[in-house]
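**Student:** Predicted model and sequence below, questions to follow.
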Amino acid sequence: MNLTVIGTGYVGLVTGTCLADMGNQVTCVDIDADKIKQLQNGKLPIYEPNLEELLHRNIEGERLLFTTSLKEGVKNAAVIFLALPTPQGGDGSADLSYVKKVAHDLGKLIADYKIIVNKSTVPVGTSEAVHKIISELTDTPFDVVSNPEFLREGYAVKDFMEPQRIIIGSKSERAKRILNELYKPFITVKRPIIYMDERSSELTKYAANTFLATKITFMNEIANLCEKIGADVDITRVGMGSDPRIGNRFLFPGIGYGGSCFPKDVNALVKLSDEATYDFKILKSVIAVNTEQKKSLIPKVERYFKNDLKGKKIGIWGLAFKPNTDDVREAPAIDVINELLLRDVEVVAYDPEAMSNMKKIYGDRIIFGTNAYGVLKDVDCLLICTEWSQFTSPSFGRMKNLMKRPVIFDGRNIFDLEVMKTKGFHYESVGRKIITIENE
Ligand code: NAD
């Protein structure tokens, strides 16, 4: 099938590359000329495991093209995917200007039947709005379909190739027939296409993301309570998760959720609900709790240093909002670093993939190390903000030799408490007992 993907970011690039790998002819369009140039040269503009090999294979197979020209991209396409940004607007709602702008451009360009498939996360009613914009500009027949994307950064290729489910929101039998054909290689009995109306499809994406954000936030509150009453959240988590009605995934406490999706999607659903005169109280609490949780290491650090952080040197491991990505959008590390800088702390940070994105935010206001041990020299303590696997089994002896004091505040519970009792560190984590050093 001839396909076009408009917006070649985390979602669009993975979508385009994976669909090309299934034998489709795909053109990816983006307004970012540098990004398109890099991709034409076979270079990935983002870090995403397993994507590079797939990109090269499909460029070499001449199934995958990149262009800045929407006209060229759309010309031969049977299906046009929108993978455009829908960032948080000033009032908390999703900013639809990118989607509406492209809808307007498509209205002027399409000359034969097209299926316009929206993969961006958009408020309920957007499919209808896009349909209206295009139909005001053309008499050419077309359908607008809602097809929210559920891939996770860090696992995006696997998630796209083996989706848990594909949601298609459409009333058009013609569009459903064509999309069924396109997605056939990705589905199994256990991983089906679920058809529904556009509005329910748009809401499904928000409901899924905000539920997951709520699950994380609930566990963060359990962890905070554990710290006050002397229970251990990791043991409680295992006890809870063994109940199949609860499940053991997404029960890990930490310093809050971040990323380009959960924060904006929770805000957008609150806004959407407010507009529908429904007061979504749980989600309002989720936002409030998560905002505090992202800064929750700071009072622990202040308590340890008796509110005297000025001039201290603090190392940070992990800047990305989660492991296996270079994405720092709404990363908890940003909240942590901002709080430290406000207290005149010297920050030395390391992340395996996200440092260039973080440099765009902080420039030379913080120091970036070249490896995990490189940020430990003479630091008063280490803060762990992202659970990259390479941080999980370090040489504690080497760490201790480098650090001014053997003190770790772990925002992701990456170390075993029993192990830490033997390593000679002051170790504070989330929802678990504080390990102290003798004579402290
Ligand atoms: P992104 O910012 O990485 O990519 C969007 C791309 O669109 C950018 O490259 C940008 O230059 C391009 N663009 C903007 N205007 C354009 C135009 N007029 N024509 C062509 N290209 C244009 O965003 P993303 O993370 O891929 O997210 C896209 C959508 O998918 C959002 O709605 C997001 O909520 C949703 N989503 C994201 C993820 C994720 O993990 N990132 C997962 C599921 C859903």
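**Tutor:** In hand now; what should we look at? On a predicted model such as this, the values are computed, not experimentally measured, just so you know.
**Student:** List the buried residues for the helix or strand that contains Lys360?
**Tutor:** Per DSSP states H and E: Lys360 is located in helix 355-362. By 16 or more other Cβ atoms under 10 Å, the buried positions in helix 355-362 come out as 355, 357-359, 362. C-beta coordinates here come from the backbone N, C-alpha and C atoms, glycine included.
**Student:** ditto for stretch 388-395
**Tutor:** Neighbour counts over stretch 388-395 (16+ other Cβ under 10 Å) mark 388, 391, 394 as buried.
**Student:** and which of these is nearest to Ser296?
**Tutor:** Checking those against Ser296 with Cβ to Cβ, the nearest one is Phe391 at 19.1 Å.
**Student:** In the stretch 151-300 of the chain, which residue sits nearest the ligand?
**Tutor:** Nearest to the ligand, among the residues of the stretch 151-300 of the chain, is Glu153, at 4.4 Å (Cβ to the nearest ligand atom).
**Student:** The ligand: which of the buried residues of helix 355-362 is nearest?
**Tutor:** The ligand has its nearest neighbour among those in Asn357, at 11.5 Å by Cβ to the nearest ligand atom.
**Student:** The closest residue to that closest one other than its chain neighbours: what's it in contact with?
**Tutor:** Residue nearest to Asn357 in three dimensions, not counting chain neighbours: Val328, with 4.6 Å by Cβ to Cβ, 6 or more residues apart in numbering. Contact analysis of Val328 by Cβ atoms under 8 Å, 6 or more residues apart in numbering lists 319-321, 334, 354, 357-358, 361.
**Student:** Could you measure from the residue lying closest to Met399 once chain neighbours are set aside over to Tyr257?
**Tutor:** The spatially closest residue to Met399, leaving aside those adjacent along the chain, is Leu376, at 5.8 Å (Cβ to Cβ, 6+ apart). Applying Cβ to Cβ, to the nearest Å, the value for Leu376 to Tyr257 is 27 Å.
**Student:** One more: Gly411?
**Tutor:** Separation of Gly411 from Tyr257 (Cβ to Cβ): 12 Å.
**Student:** try Lys271
**Tutor:** From Lys271 across to Tyr257, the span is 18 Å (Cβ to Cβ).
**Student:** which of the two has more neighbours?
**Tutor:** Neighbour count, other Cβ atoms under 10 Å: between Lys271 and Tyr257, Tyr257 has more, with 26 against 18.
**Student:** Can you pull the phi/psi pair for that one?
**Tutor:** phi -90, psi 150 (degrees, to the nearest 10).
**Student:** Would you agree it is in contact with Lys215?
**Tutor:** No: Tyr257 lies out of contact with Lys215 (Cβ atoms under 8 Å); the separation is 9.7 Å.
**Student:** if we can go back for a sec, neighbouring contacts of the helix or strand following the helix holding Lys360?
**Tutor:** Using DSSP H and E, the helix or strand that follows helix 355-362 towards the C-terminus is strand 367-368. Residues external to strand 367-368 that are found in contact with it (Cβ under 8 Å, 6+ apart): 346-350, 355, 358-359, 375.
**Student:** do stretch 122-130 as well
**Tutor:** The set of residues external to stretch 122-130 that reach it, using Cβ under 8 Å, 6+ apart, is 86, 93-94, 96, 99-100, 103, 116, 118, 144-146, 169, 198-199, 201-203, 206, 268, 272.
**Student:** Drop anything exposed from those.
**Tutor:** Neighbour-count burial (16+ other Cβ under 10 Å) applied to the contacts of stretch 122-130 gives 86, 93-94, 96, 99, 103, 116, 118, 144-146, 169, 198-199, 201-203, 206, 268, 272.
**Student:** looking at it, Tyr427 is touching Ile408, isn't it?
**Tutor:** Yes: at 5.0 Å, Tyr427 counts as touching Ile408 under the criterion of Cβ under 8 Å.
**Student:** Mind listing the shared neighbours of those two?
**Tutor:** Common contact partners of Tyr427 and Ile408 (Cβ under 8 Å, 6+ apart): Phe415.
**Student:** residues in contact with whichever residue of the chain sits closest to the ligand?
**Tutor:** Residue nearest to the ligand within the chain: Gly9 (1.8 Å; Cβ to the nearest ligand atom). Gly9 makes contacts with 30, 46, 83, 85, as judged by Cβ under 8 Å, 6+ apart.
**Student:** Quick one: buried ones out of those?
**Tutor:** Among the contacts of Gly9, those that count as buried by neighbour count (16+ other Cβ under 10 Å) are 30, 46, 83, 85.
**Student:** From the residues you listed, list the ones also adjacent to the ligand.
**Tutor:** Among those, the ones lying near the ligand by Cβ under 6 Å from any ligand atom are 30, 83, 85.
**Student:** What strand or helix carries the residue most central in space within the chain?
**Tutor:** Geometric centre of the chain, nearest residue: Gly259, 4.0 Å, by Cα atoms, centre = their mean. Following DSSP H and E, there is no helix or strand that holds Gly259.
**Student:** can you check the one 4 residues further on too?
**Tutor:** In this structure, Pro263 is located in helix 262-275 according to DSSP H and E.
**Student:** So what's the gap between the next helix or strand after that helix and the chain middle?
**Tutor:** Elements were assigned by DSSP H and E; along the chain past helix 262-275, the next helix or strand is helix 281-293. Helix 281-293 sits 18 Å away from the centroid of its parent chain (Cα atoms, centre = their mean, to the nearest Å).
**Student:** Past helix 281-293, which element shows up next along the chain?
**Tutor:** Past helix 281-293, further along toward the C-terminus, the next helix or strand under DSSP H and E is helix 297-304.
**Student:** which secondary structure elements does that following helix contact?
**Tutor:** Using 3 or more Cβ pairs under 8 Å, 6 or more residues apart in numbering; DSSP states H and E as the contact test, the elements touching helix 297-304 are helix 332-342, strand 381-384, strand 407-410, strand 426-428.
**Student:** quick check: mean pLDDT across the shortest one?
**Tutor:** This points to strand 426-428. The pLDDT scores in strand 426-428 average 98.
**Student:** Run the chain-centre distance for that strand.
**Tutor:** Between the centre of strand 426-428 and the centre of its chain there are 29 Å (Cα atoms, centre = their mean).
**Student:** And the contacts of it?
**Tutor:** By Cβ under 8 Å, 6+ apart, the residues outside strand 426-428 that reach it are 300, 304, 405-410, 415, 417, 420, 434-437, 440.
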